[in-house]
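Student: the sequence and its predicted three-dimensional model are supplied below.
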Amino acid sequence: MPAGKASASRIELLQGTLDLLVLQTLLWGPDHGYGITQRLRAVSGDALRIETGSLYPALHRLERRGAISAEWKTSENRQRVRVYRLTAAGRKLLGSERSRWQQLADAISVILARTAETEP
């Protein structure tokens, strides 16, 4: 696929959405950065490709907030990787962020369902 076409078909994430997705992914179990991106890509049917330049600032932001913790480990291929884990505070944050996301999705659905005849 040509570069222009790939970027045109890529889904752009709303600000704050990446944090929600990272928290949800870590709910499934601890993982390193590359693993998180691969999970998101696989579960989304290849629609979400998170760039390193976006992922690591999100991970650092969540770590500073206490939503995730991290520790260095050795991977299966003997490389040092930083493994991230959801904390109790992160589970609480995930619940509130999921609720906010659902409210936004519901509001957008109502707007998209309106026709010219039903406009207020």
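Tutor: Cool, got the structure.

Student: can you show me the helices along the chain?
Tutor: For the chain, helices defined by DSSP state H occupy the ranges 3-9, 17-27, 33-43, 52-64, 88-113.

Student: distance to Thr74 added to these, as CSV?
Tutor: Yep, even glycine has a C-beta here, placed from its N, CA and C like the rest. Shown next, in CSV, are the helices of the chain (distance: least, Cβ to Cβ, whole Å):
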stretch, distance to Thr74
helix 3-9, 34
helix 17-27, 20
helix 33-43, 14
helix 52-64, 19
helix 88-113, 24
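
Student: worst average pLDDT in the ones you listed?
Tutor: Mean pLDDT across those is lowest at helix 3-9; the value there is a mean of 48.

Student: show me what contacts the residue sitting nearest the centre point of the chain?
Tutor: Geometric centre of the chain, nearest residue: Leu21, 2.2 Å, by Cα atoms, centre = their mean. The contact partners of Leu21, by Cβ atoms under 8 Å, 6 or more residues apart in numbering, come to Leu13, Leu40, Leu48, Ile50.

Student: how about 6 Å then?
Tutor: By Cβ atoms under 6 Å, 6 or more residues apart in numbering, the residues touching Leu21 are Leu40.

Student: begin at 421 from here
Tutor: Yes, from this point I'll number from 421; that puts the last item at Leu441.
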